[in-house]
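Engineer: Have a look at this fold, sequence not included:
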């Protein structure tokens, strides 16, 4: 049993030493005793530059997505504004059409009244002429007065 506990102590010491070395090699969190040591990946400078290119590409794609989202939101906002402007223009057109129709009706009514009044004026002039003729015929011809 003493040998078994000595083996356990040496295994724990080996794991502790290994863990201390791992902490120096990378910044991974400490492992439990007896855990398997992770494999450290080493990248060549070419692979490292490829990883940077991929990271840059991903950043560009992310920025493009954000720009597209912003553009879509702006398009939606402009479409709402356009719909409102179209609605307002149609309403204004409807009101202007109604006002135009009312004005045309007033013009037609005014023309009809003017014709009626003109006919009445002509009839009144005709009666005045007849009255003048009757007076002249009944009383004789009167000398015209000079308005000078």
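Structural biologist: Right, received. Where do you want to start? If you're wondering where the values come from, they're calculated on a predicted model, not measured in any experiment.
Engineer: Going along the chain, name the helices of this protein.
Structural biologist: Secondary structure of the chain (DSSP state H): helices at 2-25, 45-139.
Engineer: Turn these into JSON lines, columns for mean neighbour count and mean pLDDT.
Structural biologist: (C-beta placed from N, C-alpha, C; glycine too.) Shown next, in JSON lines, are these (neighbours: other Cβ atoms under 10 Å; pLDDT from 0 to 100):
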{"stretch": "helix 2-25", "mean neighbour count": "11", "mean pLDDT": "55"}
{"stretch": "helix 45-139", "mean neighbour count": "10", "mean pLDDT": "94"}
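Engineer: how near is residue 49 to residue 62?
Structural biologist: Residue 49 sits 20 Å away from residue 62, going by Cβ to Cβ, to the nearest Å.
Engineer: Oops, could you answer that again for residue 73 instead?
Structural biologist: Distance from residue 73 to residue 62, counting by Cβ to Cβ: 17 Å.
Engineer: Equivalent analysis for residue 110, please.
Structural biologist: From residue 110 to residue 62 the distance is 71 Å (Cβ to Cβ).
Engineer: now swap in residue 107 and tell me
Structural biologist: Separation of residue 107 from residue 62 (Cβ to Cβ) stands at 66 Å.
Engineer: try residue 114
Structural biologist: Applying Cβ to Cβ to residue 114 and residue 62 gives a distance of 76 Å.
Engineer: Same question for residue 108.
Structural biologist: Separation of residue 108 from residue 62 (Cβ to Cβ) stands at 68 Å.
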